[in-house]
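>>> my questions concern the predicted model and sequence given below.
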Amino acid sequence: MILRNIQYNHRPHKNTATTNFLKAFLLFGLLTHCAGSPPPSPLPPSESDLDLLGKTALCQTKAEAQTSWLKTGGKEFPWGGGKEVFQEVTSPNKQGQWFMFNEDQTLVGVITVFPHGLSLDSYPKLRHTLSQLPPAREFFFHSSQILKGEAPDSGTLYRTGEATTTHQYFIRHTPGQNDQLVMAVFVLDPYETLLDGSHQKFLSYIDDPDSPRQDLKVASGQLGSEKDFLGLQQFARGEISLFASCGNKHADTALDAYQKSIQHGLPDKKQLAEAHHRLGLAFRSMGRLPEAKTALQQALGIQPHSAGILNSYGSVLAQLGELPKAIETYEQALALQPDYAQARFNLAEAYESLNPKRAIQEYETFLILAEDKPEESTKVDLAKGKIKTLQGGANR
């Protein structure tokens, strides 16, 4: 089976159209440009009355899965630094499921394929969810229909998700028949570009469910090299650990993952710079500030004009007591991105002991920048309190 795109909508964030799954360099689009955690998805909630996971849940360990739902006798294969397990169910609707475990044996993605299609007539809640979403991608299914001179079935990919996960639904449209679900992908956000439902392995199962391919060569098939895939896979491992995608932050795991990501290499220098950036954040979260400073300097050596990296570097300098240098760094970040609210707040904070009047000005500017940003609400309240305190001190 071959897919040919007939329409593709790009998006700056999740709330517009979709990521280009076939180009792993857009993993960088999932990165934030500040030291905070990635914002929650603004997509409509993934409400569904079709239970594709059962007792399965992302973030479960393989050991937990084996005592609950993971069947013995499933086919198991390497998946980069982790493992891929394939299981098949024949009743009531035939389906194949691939479970992806990372190096830490954490379930990071599940791909479910219905080779003969699944009617959504009995699932009004899921149909309603899909009706609220813009098509992420529209394409043709190329198969034996073309050889017969018939118009090929078309398909639509929809994306939705929850706070830390993305859900992909592939719908097939056949003339004269009701639409059918042929594939669903549930994945932790940082791994999404590494679990592309349009990979030929999953599509070939739709064409020929009795002969599923035994390996998922995403690296050579889509990312250019095995090292690229391993580097991006380790970066994703770092992201879910540093930003607590599974509920708890594991800075030591993040540290290991980002270091391995850098060792394997990444296909784009912006990604490499971001790996050093994240490594610095991991060191910082562990209180290892000199090492954080070094990692961030390495990131800036690759991307000297990144406002996000400069902001993180300024924060480490401030924690080390190097306030004049921190102020200079924040100002460099703001020269590149004047509406960078977080850097403005950090600059104001750095000025408090050195120049209270300037600190007040910067806090006031921050309030203007942050007024329409719900994610900054905590800092807004804090800034208002700081202004009041600083003004009180100036009046004494």
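Received the coordinates, thanks. Residues are numbered from 1 along each chain as shown.
>>> where do the helices sit along this protein?
Counting by DSSP state H, the chain has helices at residues 62-66, 124-131, 144-147, 200-207, 218, 226-242, 251-264, 269-285, 289-302, 307-319, 323-336, 341-351, 356-370, 377-395.
>>> pLDDT averaged over the shortest one - what is it?
The average pLDDT for helix 218 rounds to 44.
>>> buried residues, the lengthiest strand in the chain. List them.
Among the segments of the chain that qualify as a strand by DSSP state E, the longest is strand 107-119. Using 16 or more other Cβ atoms under 10 Å as the test for burial, strand 107-119 gives 107-115, 117-118. Bear in mind the C-beta positions are built from the backbone N, C-alpha and C, glycine included.
>>> and that strand, what does it pack onto?
strand 95-101, strand 180-188, helix 200-207 (3 or more Cβ pairs under 8 Å, 6 or more residues apart in numbering; DSSP states H and E).
>>> mind listing what the shortest one pairs with, with the direction of each?
Spelled out, that is strand 95-101. On the basis of DSSP bridges, the sheet neighbours of strand 95-101 come out as strand 82-89 (antiparallel), strand 107-119 (antiparallel).
>>> would you format the ones you listed as a markdown table with mean pLDDT included?
Below are the strands paired with strand 95-101 laid out as a markdown table (pLDDT from 0 to 100):
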| stretch | mean pLDDT |
| --- | --- |
| strand 82-89 | 92 |
| strand 107-119 | 93 |
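>>> specify the stretch among those strands that is closest to Ser261.
Smallest distance to Ser261 across the strands paired with strand 95-101 (Cβ to Cβ): 14.2 Å, for strand 82-89.
>>> ok so, going back, make CSV out of the strands paired with strand 95-101 and add distance to Gln180.
Converted to CSV, the strands paired with strand 95-101 look like this (distance: least, Cβ to Cβ, whole Å):
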stretch, distance to Gln180
strand 82-89, 17
strand 107-119, 3
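>>> for Thr389, find the nearest of those.
strand 107-119 (45.0 Å).
>>> and the closest one with helix 226-242, angle?
Between strand 107-119 and helix 226-242, the angle comes out at 100 degrees (axes from the mean of the first three to the mean of the last three Cα atoms, to 10 degrees).
>>> could you dump strand 107-119 to CSV, C-alpha only?
This file holds the C-alpha atoms of strand 107-119, laid out as CSV (Å, rounded to 0.1, in the frame of the first residue of the first chain):
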residue,chain,number,x,y,z
LEU,A,107,5.1,2.0,27.4
VAL,A,108,5.3,5.1,25.2
GLY,A,109,3.0,4.3,22.3
VAL,A,110,0.3,1.9,21.0
ILE,A,111,-0.7,1.4,17.4
THR,A,112,-3.9,-0.4,16.6
VAL,A,113,-4.7,-1.4,13.0
PHE,A,114,-8.0,-2.8,11.8
PRO,A,115,-7.1,-4.4,8.5
HIS,A,116,-10.7,-4.9,7.3
GLY,A,117,-11.8,-1.5,8.8
LEU,A,118,-14.1,-0.8,11.7
SER,A,119,-17.4,0.9,11.3
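>>> and it, how far out from the chain middle?
Mean-position distance between strand 107-119 and its chain equals 20 Å (Cα atoms, centre = their mean, to the nearest Å).
>>> repeat for stretch 295-305
Per Cα atoms, centre = their mean, the centroid offset for stretch 295-305 relative to its chain is 22 Å.
>>> start at 349, not 1
Sure, I'll start numbering at 349, so the last one becomes stretch 643-653.
>>> any chance you could list what contacts it?
617-618, 620-622, 624-625, 627-628, 631, 654, 657-658, 660-661, 664, 684 (Cβ atoms under 8 Å, 6 or more residues apart in numbering).
>>> what do you get if the cut-off is 6 Å, keeping everything else the same?
The contact list for stretch 643-653 (Cβ atoms under 6 Å, 6 or more residues apart in numbering) reads 617, 620-621, 624-625, 627-628, 631, 657, 660-661, 684.
>>> and the residues you listed, which is closest to Thr512?
His625 (20.1 Å).
>>> wait, that closest one sits on Ala655?
No - with contact taken as Cβ atoms under 6 Å, His625 and Ala655 are classed as non-touching, separated by 11.5 Å.
>>> so the two - more neighbours on which side?
Neighbours were counted for His625 and for Ala655 using other Cβ atoms under 10 Å; His625 has more, 27 against 21.
>>> show me what contacts that one?
Applying Cβ under 6 Å, 6+ apart to His625 gives the contacts 647, 657.
>>> what separation do you get for it and Ile735?
From His625 over to Ile735 the distance is 31 Å, taken as Cβ to Cβ, to the nearest Å.
>>> do Tyr678 as well
18 Å.
>>> those two: which has the busier surroundings?
Taking other Cβ under 10 Å, Tyr678 and Ile735 do not tie; Tyr678 has more neighbours (30 against 19).
>>> could you check how far the more buried one is from Ala655?
From Tyr678 over to Ala655 (counting by Cβ to Cβ), the distance is 10 Å.
>>> in the protein, where is pLDDT below threshold?
Within the chain, the stretches with pLDDT under 70 are 349-393, 490-498, 546, 555-573, 741-744.
>>> okay, now the domains of it?
350-569, 686-744 (automatic domain parsing).
>>> between these, which one is nearest to Thr642?
With Cβ to Cβ as the criterion, Thr642 lies closest to domain 350-569 of these, at 16.4 Å.
>>> ok, back up a step: now the domains of the chain as TSV including distance to Leu578?
What follows is these, written out as TSV (distance: least, Cβ to Cβ, whole Å):
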stretch	distance to Leu578
domain 350-569	5
domain 686-744	32
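>>> closest to Asp604 out of the ones you listed?
Asp604 lies closest, by Cβ to Cβ, to one member of these: domain 350-569, at 8.9 Å.
>>> so which of the helices of the chain is nearest Ser439?
helix 548-555 (17.3 Å).
>>> how many degrees apart are that closest one and strand 430-437 in direction?
10 degrees.
>>> then helix 548-555 to PDB, C-alphas only?
Extracted in PDB, the C-alpha atoms of helix 548-555 (Å, rounded to 0.1, in the frame of the first residue of the first chain):
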ATOM      1  CA  GLN A 548       4.700   1.200   5.500                       C
ATOM      2  CA  LYS A 549       4.800  -1.500   8.100                       C
ATOM      3  CA  PHE A 550       1.400  -0.600   9.500                       C
ATOM      4  CA  LEU A 551      -0.100   0.200   6.100                       C
ATOM      5  CA  SER A 552       1.100  -3.200   4.800                       C
ATOM      6  CA  TYR A 553      -0.900  -4.900   7.600                       C
ATOM      7  CA  ILE A 554      -4.000  -3.300   6.200                       C
ATOM      8  CA  ASP A 555      -3.300  -4.600   2.700                       C
END
